[in-house]
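> sequence and predicted model, in that order:
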Amino acid sequence: ELVKLIIYLLSVDSAKWLPCDRPGNYLYIRPTIISTQAQLGMKEPKAALMYIIITFMLAIDTPAGGMRLHTSPEDMMRAWVRGFSYAKLGANYGPSPRHVLILWLYGPDLEYIEAGASNIFILWKRKDSRKELIAAPFDDKLILDGITRRSCLELAHETQSNNIVITERKYSINRVIEADSKGRILGAFAAGTTFFIYAISQIHHSRKDINIPMGPENEPGEVTKKIKSWLLDVMYSKTQYEWGVVIPEKE
């Protein structure tokens, strides 16, 4: 029933906010349910209100030269095991000059977690020379299991598994630095509801810059462009997919 309500709401409002002659923008859908029972303390409510908020969002595209990230200070922590980082609202906790987002690290090994409101994907060449697209795992619930992240992984498995190893496992900033020193980093991108697919061109860590290869004329690399293109095709119904829903317009 909730899906039916969302479809009806969008069928009424989409024509106004997303006219066919201005493609690229989108509506951010946020279903919400709150308790309406007057009470003190924490207990299961007997009455609740469900409503749907939609917010108009302008298209956000990768800036010229890609997105720059700054790793989190060692004395600051965003998430921890058995915490609630998997259910948090993503936020940008304070970009520094020239850097768009903070890249949050965790633990003594400085494991990758997330960048602001986005999940991070690194494309590198393994020591056996195979290409690998790697993302932080959801096992210990340190990251938000975002729908854009899952969509990227699903589509990558379906379309690129013959050419690229798709992996979800822990990896650290030190491993990225090592791979960079040997020329094995091939690309990187951030994925999230707001930023969608954003190419990463640089990671600043401990006063040093890790420069991530980009495509010709500083455009996103080949794999980043392919994944973004696949998702856009689903969004605009150019490709039929099991979780793609076409919204009919109301007159």
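Sure thing, it's come through.
> from here on, contacts and neighbour counts on C-alpha atoms
OK.
> paired strands for the helix or strand where residue 187 lies, with orientation please.
In this structure, residue 187 sits in strand 185-192 according to DSSP states H and E. Paired neighbours of strand 185-192 in the sheet (DSSP bridges): strand 119-125 (antiparallel), strand 196-205 (antiparallel).
> then residue 133 would be within a strand, right?
Yes. Under DSSP: H, G, I helix; E, B strand; the rest coil, residue 133 falls within a strand.
> quick revisit: any chance of CSV for the strands paired with strand 185-192, columns mean pLDDT and mean neighbour count?
Formatted as CSV, those follow (pLDDT from 0 to 100; neighbours: other Cα atoms under 10 Å):
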stretch, mean pLDDT, mean neighbour count
strand 119-125, 89, 23
strand 196-205, 85, 23
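> coming back round to it: the strand holding residue 187: how far from the chain's middle?
From the chain centre to the centre of strand 185-192 is a distance of 10 Å (Cα atoms, centre = their mean, to the nearest Å).
> identify the bridge partners of residue 168.
Legend: beta-bridge partners of residue 168 under DSSP bridges are residue 135.
> residue contacts, residue 189?
120, 121, 122, 197, 198, 199, 200, 224 (Cα atoms under 8 Å, 6 or more residues apart in numbering).
> could you dump those to a markdown table with distance to residue 24?
Shown next, in a markdown table, are the contacts of residue 189 (distance: Cα to Cα, whole Å):
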| residue | distance to residue 24 |
| --- | --- |
| 120 | 23 |
| 121 | 23 |
| 122 | 26 |
| 197 | 13 |
| 198 | 15 |
| 199 | 18 |
| 200 | 21 |
| 224 | 18 |
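> and of those residues, the nearest to residue 248?
residue 197 (26.2 Å; Cα to Cα).
> number of residues surrounding the nearest residue to the closest one once chain neighbours are set aside?
Sequence neighbours aside, residue 191 is the residue nearest to residue 197 in space, at 4.7 Å (criterion: Cα to Cα, 6 or more residues apart in numbering). Close neighbours of residue 191, defined as other Cα atoms under 10 Å, add up to 25.
> what's near enough to touch residue 191?
Residue 191 touches 118, 119, 120, 121, 148, 149, 197, 198, counting by Cα under 8 Å, 6+ apart.
> please apply the same query to residue 148.
191, 192, 193, 196.
> give me the distance from the helix or strand encompassing it to the chain's centre.
Per DSSP H and E, residue 148 falls inside helix 147-160. Mean-position distance between helix 147-160 and its chain equals 12 Å (Cα atoms, centre = their mean).
> buried ones in it?
148, 149, 151, 152, 153, 156, 160 (16 or more other Cα atoms under 10 Å).
> hang on, the earlier thing: nearest to residue 6, of the contacts of residue 148?
residue 193 (17.2 Å).
> quick one: the helices in this structure?
Remark: helices assigned in the chain by DSSP state H are 2-17, 147-160, 173-181, 222-235.
> redo the contacts of residue 191 as a markdown table? Include distance to residue 167.
Shown next, in a markdown table, are the contacts of residue 191 (distance: Cα to Cα, whole Å):
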| residue | distance to residue 167 |
| --- | --- |
| 118 | 18 |
| 119 | 14 |
| 120 | 12 |
| 121 | 10 |
| 148 | 16 |
| 149 | 13 |
| 197 | 18 |
| 198 | 20 |
